[in-house]
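In: this one's structure only:
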């Protein structure tokens, strides 16, 4: 449980605001408005027999769920009563024409300082399903996070049987140590971040961890009912397999876009992704039948064995209403793949398809204006590459190097003021460079996934500028020793292709799915493989693209798309709000 370090009067105000928050205000400009207040506070939480202070929203871990309907405007006042800078990102929300409220630190805003306040205007458009919000500064999203549930508009229905109950399931990680201390240590000595001590389901590690059994998350179900599990991978470092013992799961959505129903034994979900799953409580309740089943989330890892990682499995319990207080121990899902089962992960991902119905059509661009091949690389730099006085470097390869990461041989370095501010006021010189390359440097032609990479040759804030309406195809080519969940702010995209090995631009496009590819905002690029996405650049503004393994983002596996204004007012970025935080 958590104990918030916040005055009692303020807590009463927070509770009152949350009660009011779900009330609907009169529509402005045709949008229904919903209001939330977020108080950033330090809160004590106990996990794994150890108590520590963590940053939270309204004292909750995970934080409060935001509820909205398709097309709503959600207004969130963020009050920073914590001890460090903070920003909040509304993950998977396109934010049409409104990069001002997107949230990534030094990309679209300067951070909210301690004792500061900022009002986010979260504009829902085509999203329908499960999304989430999280901190977008340092490693704070380890505990500053929560679900966003977007229901259909009034009068519309789900494109599947209405569930009897909806349950957010947030998969995450827990460190005994302060995560930002670990981040600073990682940056100082140049090695990988220390693995988390446990995976979690809704903030709890589950029965298999010490001092955890009493607080294991439990889901009570009634035989014959259908439950919509809104699953979010909020982890910082791990892909995850997820399954429920004795039950199959039907995937009906990913990243708040509907899919063709896909019934499976398990899913693989990357950090940043969300999936909507239907679970039917159809187990027999006879005298010899179990009434308790484990819900389990296990790390899926593609790293070489010598590199430390969290190999734990978090559990929650699905319990049938039986009135039997003497039920036995839960069954564990035997179908959950082993932690390094690449074939199981790829088999699942290849089956995902967009719904493609009359109400939810598919609009895959068939003509491409801008082709990009982006090389995803983990690099090893000499210890003094970024600091000539560095004597603390203890990175890989005999303590002579430090980790870095790059896109097309460019390791992104955030500027001192946000890119959006500089672009909007025409003062980009010295803040960013608009020459991010469309293709990798020639030195990166050996795309095997197992080779040692040279030091990156460029550091800085290099961005890609796109004309409004440009159709873009990006092929992500992984050349490192692990997969990468690539997330694009401001857009959903069609995942038209997925493959192993080196992308062949003469052969592989013939394998693209241009009929009903999944529509996502985060794609898992397989280790030593590739993923091809397409999107139309029709959302003017400044939009971050990065790996959602947070350590890779810190190392520089990022870039920015700047989409220019179109010709009509509805194709132009909204004006800068007057209350933007200052750097």
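Out: Arrived safely. Fair warning: this is a prediction, and the values are worked out from it, not measured in the lab.

In: Name the single longest strand found in this structure.
Out: Secondary structure of the chain per DSSP state E: the longest strand is strand 31-47.

In: How far does that strand sit from its chain's centre?
Out: Distance of strand 31-47 from the chain centroid (CA atoms, centre = their mean, to the nearest Å) equals 18 Å.

In: Who does it pair with, and is each partner parallel or antiparallel?
Out: Sheet pairing for strand 31-47, assigned by DSSP bridges, gives strand 2-4 (antiparallel), strand 24-28 (antiparallel), strand 50-57 (antiparallel), strand 73-80 (parallel).

In: Tell me who's in contact with residue 120.
Out: 75-76, 78, 88, 90, 101, 103 (CB atoms under 8 Å, 6 or more residues apart in numbering). All C-beta spots, glycine's among them, are computed from the backbone N, C-alpha and C.

In: What strand or helix carries it?
Out: strand 117-123 (DSSP states H and E).

In: and that strand, average pLDDT?
Out: Strand 117-123 shows a mean pLDDT of 98.

In: same deal with stretch 201-215?
Out: Mean predicted lDDT for stretch 201-215 stands at 96.

In: which residue ranges form the helices in the stretch 451-583 of the chain?
Out: 550-555 (DSSP state H, counting those that start in this stretch).

In: Let me know the closest of the contacts of residue 120 to residue 130.
Out: The shortest approach to residue 130 among the contacts of residue 120 belongs to residue 90, at 12.8 Å (CB to CB).

In: Check the closest residue in space to residue 582 that isn't next to it in sequence and give its pLDDT.
Out: Spatial nearest neighbour of residue 582, chain neighbours left out: residue 110 (5.9 Å); criterion: CB to CB, 6 or more residues apart in numbering. Residue 110 is assigned 98 on the pLDDT scale.

In: And residue 328, by the same measure?
Out: 77.

In: Which pLDDT value goes with residue 237?
Out: For residue 237, the pLDDT comes out at 94.

In: cool, the one 10 residues further on as well?
Out: The predicted structure scores residue 247 at 97 on the pLDDT scale.

In: quick one: contacts for it?
Out: 279-283, 293, 318.

In: List only buried entries from those.
Out: Among the contacts of residue 247, the ones that count as buried by 16 or more other CB atoms under 10 Å are 279-281, 283, 293, 318.

In: follow-up on the earlier one: state the distance from the residue nearest to residue 582 to residue 474.
Out: Distance of residue 110 to residue 474, given as CB to CB, to the nearest Å: 28 Å.

In: immediately after the strand holding residue 120, which helix or strand?
Out: That would be, after strand 117-123 and using DSSP H and E, strand 129-135.

In: Now do the next helix or strand after that next one: everything it contacts.
Out: Counting by DSSP H and E, the next helix or strand C-terminal to strand 129-135 is strand 145-151. Applying CB under 8 Å, 6+ apart, the contact partners of strand 145-151 are 57, 60, 62-70, 72, 90-93, 124, 127-135, 166, 168, 170, 172, 230, 232, 234, 256.

In: what lines up beside strand 145-151 in the sheet?
Out: Here, using DSSP bridges, strand 145-151 pairs with strand 66-69 (parallel), strand 129-135 (antiparallel).

In: tell me which residues in that strand are buried?
Out: In strand 145-151, counting by 16+ other CB under 10 Å, buried: 145-151.

In: closest to residue 199 among those residues?
Out: For those, the closest approach to residue 199 (CB to CB) belongs to residue 145, at 14.6 Å.

In: how far away is that closest one from residue 547?
Out: Applying CB to CB to residue 145 and residue 547 gives a distance of 18 Å.

In: close enough to count as contact, residue 484 and residue 523?
Out: No - between residue 484 and residue 523 there is no contact under CB atoms under 8 Å: 9.0 Å.

In: any common contacting residues for these two?
Out: residue 476.

In: what angle separates the strand holding residue 120 from strand 129-135?
Out: 160 degrees (axes from the mean of the first three to the mean of the last three CA atoms, to 10 degrees).

In: So in that sheet, which strands flank strand 117-123, and in what orientation?
Out: strand 73-80 (antiparallel).

In: Mind listing the strands the helix or strand following the strand it pairs with pairs with, and their directions?
Out: Downstream of strand 73-80, the first helix or strand assigned by DSSP H and E is strand 88-91. Strand 88-91 has its sheet partners listed here by DSSP bridges as strand 129-135 (antiparallel).

In: Give the rounded mean pLDDT of the partner strand.
Out: On average, strand 129-135 scores 99.

In: How about residues contacting that strand?
Out: Contacts of strand 129-135 (CB under 8 Å, 6+ apart): 55, 63, 66, 86-93, 141, 144-150, 168, 170, 230-232, 234, 253-258, 274-276.

In: please redo it, this time with the cut-off set to 7 Å
Out: By CB atoms under 7 Å, 6 or more residues apart in numbering, the surrounding residues in contact with strand 129-135 are 66, 86-93, 141, 144-150, 230, 232, 234, 253, 256-258, 274, 276.

In: how about the strands in the stretch 301-450 of the chain?
Out: 313-320, 370-382, 401-407, 410-412 (DSSP state E, counting those that start in this stretch).

In: quick one: which of these is nearest residue 189?
Out: Per CB to CB, nearest to residue 189 of these: strand 401-407, 7.6 Å.

In: sorry, back to before: dump the buried residues of strand 145-151 into JSON lines; add pLDDT as well.
Out: Putting the buried residues of strand 145-151 into JSON lines (pLDDT from 0 to 100) gives the following:
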{"residue": "145", "pLDDT": "99"}
{"residue": "146", "pLDDT": "99"}
{"residue": "147", "pLDDT": "99"}
{"residue": "148", "pLDDT": "99"}
{"residue": "149", "pLDDT": "99"}
{"residue": "150", "pLDDT": "99"}
{"residue": "151", "pLDDT": "98"}
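
In: Name the nearest of those relative to residue 97.
Out: So of those, ranked by how close each gets to residue 97 (CB to CB), first place is residue 150, at 18.7 Å.

In: Identify the bridge partners of that closest one.
Out: residue 68, residue 129.

In: Buried ones from the contacts of strand 145-151, can you make that a PyMOL selection?
Out: The following PyMOL line selects those of the contacts of strand 145-151 that are buried, judged by 16+ other CB under 10 Å:
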select buried, resi 57+60+62+63+64+65+66+67+68+69+70+72+90+91+92+93+124+127+128+129+130+131+132+133+134+135+168+170+172+230+232+234+256
